[in-house]
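Asks: here is my input, please return the structure:
(chains A, B, C, D, E and F)
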Number of protein chains: 6
Amino acid sequence: MESSLRNHLKGKVVEIIKDSVVSEVVVETSAGMITSVITTRSVERLKLKEGDEVFAAIKASEVSIEKP
Amino acid sequence: MESSLRNHLKGKVVEIIKDSVVSEVVVETSAGMITSVITTRSVERLKLKEGDEVFAAIKASEVSIEKP
Amino acid sequence: MESSLRNHLKGKVVEIIKDSVVSEVVVETSAGMITSVITTRSVERLKLKEGDEVFAAIKASEVSIEKP
Amino acid sequence: MESSLRNHLKGKVVEIIKDSVVSEVVVETSAGMITSVITTRSVERLKLKEGDEVFAAIKASEVSIEKP
Amino acid sequence: MESSLRNHLKGKVVEIIKDSVVSEVVVETSAGMITSVITTRSVERLKLKEGDEVFAAIKASEVSIEKP
Amino acid sequence: MESSLRNHLKGKVVEIIKDSVVSEVVVETSAGMITSVITTRSVERLKLKEGDEVFAAIKASEVSIEKP
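Replies: From the prediction side, this is the model:
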């Protein structure tokens, strides 16, 4: 299955905070920590746990640009 | 000005494709290329050009997780 | 590769309108037409064309509810 | 009131998981289950309950395409 | 039709820039200009034009907070 | 730091509902109440509290248009 999603950042899960509906998943990448909020059901379906190798995926239209 | 946005990936602009309403901005980070679609007016207001040091900013709720 | 994305609607591409940066892709599903706007580069990378069997994928946080 | 939102999928609410800030609402459509995360206040304001006929509404820019 | 969308800002369309796939619609509200990018087909379906009284609608999960 | 984000609505925080992962932040602007859902960690990092002067920031691609 190929996806139109343009951004896939490789990393390792370093922290999961679970609540009843949504969970925060923190992924350590070579460009720094990436924080994701997904449904807790997805955390369970994917059996996500600390140490897992994953990709953080982001649609291009969701990315804004900041200039110092 | 501090922002609630959780994700800020440092990188360098390597390509800009401009159309009349939206533009694609490609940023090279240490975790790979990040593609952003923003309005062309923002490209012009920020005077974005290839070589600029920027941050790609993403709200945590926009990040999904993929597991190989 | 498994994704945390909760929504995957099966359908067939019935129309593609290409512009230089983004394209509109219309997918016919059993629940009606689904319209997607993705980058034209993704249209080309996936070699999307009318008739292709695809899935429209949507993060749960992007879905709102309307009640008649 | 007409909306620019391009996608409106008709269905029936089959499950609601409420937390203090956000809730998960699962809608059965003819194209499969659609999961939505909305604020719990919206669930209460719309008086959403299982069995309600609703539409799942999605902006076109939030839909990605997957190709098998 | 009631919507779960939490944010509806009343205003007047002051500018529309049309491209083949997406258009920029600028709405003057009492809190300043709001810029929207929607599909050109929605602009045409709603027959949007300068001077129209409209609402800019935004899902709560799409709003970030900045603190000076 | 300048951002490509097009929409910044000035207002005052009038309510915060905290949960373990996400929080609802309500901002009173001159165009009405704006509701935001952000991570609770961002609420804490920004030390957000009722009465704070803030901006509600929104990407143009997240804004839809409703016409009465």
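
Asks: show me where chain A has its strands.
Replies: Using DSSP state E, the strands found in chain A span residues A:2-3, A:7-18, A:22-29, A:32-39, A:53-58, A:64-67.

Asks: so how far is residue F:20 from residue A:52?
Replies: Applying Cβ to Cβ, to the nearest Å, the value for residue A:52 to residue F:20 is 21 Å. Just so you know, the C-beta spots here come from the backbone N, C-alpha and C atoms, and that holds for glycine as well.

Asks: picking up where we left off before, any chance of the strands of chain A in a markdown table, plus mean neighbour count and distance to chain D?
Replies: Output for these, formatted as a markdown table (neighbours: other Cβ atoms under 10 Å in any protein chain shown; distance: least, Cβ to the nearest Cβ, whole Å):
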| stretch | mean neighbour count | distance to chain D |
| --- | --- | --- |
| strand A:2-3 | 18 | 5 |
| strand A:7-18 | 18 | 11 |
| strand A:22-29 | 23 | 6 |
| strand A:32-39 | 23 | 6 |
| strand A:53-58 | 22 | 9 |
| strand A:64-67 | 22 | 13 |
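
Asks: okay if I get these as JSON lines plus mean pLDDT and distance to chain C?
Replies: Supplementary listing: the strands of chain A in JSON lines, determined by pLDDT from 0 to 100; distance: least, Cβ to the nearest Cβ, whole Å:
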{"stretch": "strand A:2-3", "mean pLDDT": "96", "distance to chain C": "6"}
{"stretch": "strand A:7-18", "mean pLDDT": "98", "distance to chain C": "9"}
{"stretch": "strand A:22-29", "mean pLDDT": "98", "distance to chain C": "8"}
{"stretch": "strand A:32-39", "mean pLDDT": "98", "distance to chain C": "4"}
{"stretch": "strand A:53-58", "mean pLDDT": "98", "distance to chain C": "7"}
{"stretch": "strand A:64-67", "mean pLDDT": "98", "distance to chain C": "15"}
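
Asks: flag every residue of chain A that's near chain F.
Replies: Contact residues, chain A versus chain F (Cβ under 8 Å from any Cβ of the partner chain): A:17-19, A:22-24, A:35, A:37, A:61-62, A:64-68.

Asks: if you set the cut-off to 6 Å instead, what comes out?
Replies: Taking Cβ under 6 Å from any Cβ of the partner chain, the part of chain A that reaches chain F is made up of A:17, A:19, A:22, A:24, A:61, A:64, A:65, A:66, A:67, A:68.

Asks: around residue A:21, count how many other residues there are.
Replies: Residues lying near residue A:21 (other Cβ atoms under 10 Å in any protein chain shown) number 22.

Asks: where does it land on pLDDT?
Replies: Listed pLDDT for residue A:21 reads 98.

Asks: and the closest residue to it other than its chain neighbours, how many residues sit next to it?
Replies: Counting by Cβ to Cβ, 6 or more residues apart in numbering or on different chains, residue D:19 is the residue found nearest to residue A:21 once chain neighbours are left out, at 4.4 Å. Neighbour count for residue D:19, taken as other Cβ under 10 Å: 18.

Asks: is it true that residue D:19 touches residue A:20?
Replies: Yes: the pair formed by residue D:19 and residue A:20 meets the contact definition of Cβ atoms under 6 Å, at 4.8 Å.

Asks: show me what residue A:22 is bridged to.
Replies: Beta bridges link residue A:22 to residue A:39 when assigned by DSSP bridges.
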